[in-house]
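A.B. asks: with the sequence up front, the predicted model follows.
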Amino acid sequence: MQSDLSRPQLLYTLQNMMRNLMWQSQKHAMDTLDRLGLTVPQMIVLEAIKMLEGRCVMNDLVRSTYRSGATTTGSGERLMSASLCG
């Protein structure tokens, strides 16, 4: 298959398509979190709990999320208050 675009034009077009796809994906993710009433740090903690099969202590979450202890503790407390983890 022959393209009418030069190599630089094709690369530029592909770059723009990838940027648009990433932007749409990010927007969808943020809209979903907003509808769920979650922040990004809270979602990261929930994903870590899932990855650790629900058996973890705060130090496990801090280590697996690469977040500070204060951020992880705050997110965890808000998740527990909302009965999303326990």
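C.D. replies: The structure has been received and is ready for your questions.
A.B. asks: report all helices and strands that the longest helix along the chain contacts.
C.D. replies: Longest helix in the chain, counting residues (DSSP state H): helix 7-36. Taking 3 or more Cβ pairs under 8 Å, 6 or more residues apart in numbering; DSSP states H and E as contact, there are no helices or strands that helix 7-36 lies on. The C-beta positions use only the backbone N, C-alpha and C, and glycine is treated the same way.
A.B. asks: in the helix or strand just after it, which residues are buried?
C.D. replies: Sequence-wise, the next helix or strand downstream of helix 7-36 (DSSP states H and E) is helix 40-51. When burial is assessed from 16 or more other Cβ atoms under 10 Å, helix 40-51 yields the following buried residues: P41, Q42, M43, I44, V45, L46, A48, I49.
A.B. asks: how about the CA coordinates for helix 40-51, as PDB?
C.D. replies: The C-alpha coordinates for helix 40-51 follow below in PDB (Å, rounded to 0.1, in the frame of the first residue of the first chain):
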ATOM      1  CA  VAL A  40      -6.700   9.700  41.300                       C
ATOM      2  CA  PRO A  41      -4.800   8.900  44.500                       C
ATOM      3  CA  GLN A  42      -7.900   7.000  45.900                       C
ATOM      4  CA  MET A  43      -8.100   5.000  42.700                       C
ATOM      5  CA  ILE A  44      -4.400   4.100  42.900                       C
ATOM      6  CA  VAL A  45      -4.900   2.900  46.500                       C
ATOM      7  CA  LEU A  46      -8.000   0.800  45.400                       C
ATOM      8  CA  GLU A  47      -6.000  -0.800  42.600                       C
ATOM      9  CA  ALA A  48      -3.100  -1.600  44.900                       C
ATOM     10  CA  ILE A  49      -5.500  -3.200  47.400                       C
ATOM     11  CA  LYS A  50      -6.900  -5.300  44.500                       C
ATOM     12  CA  MET A  51      -3.400  -6.200  43.400                       C
END
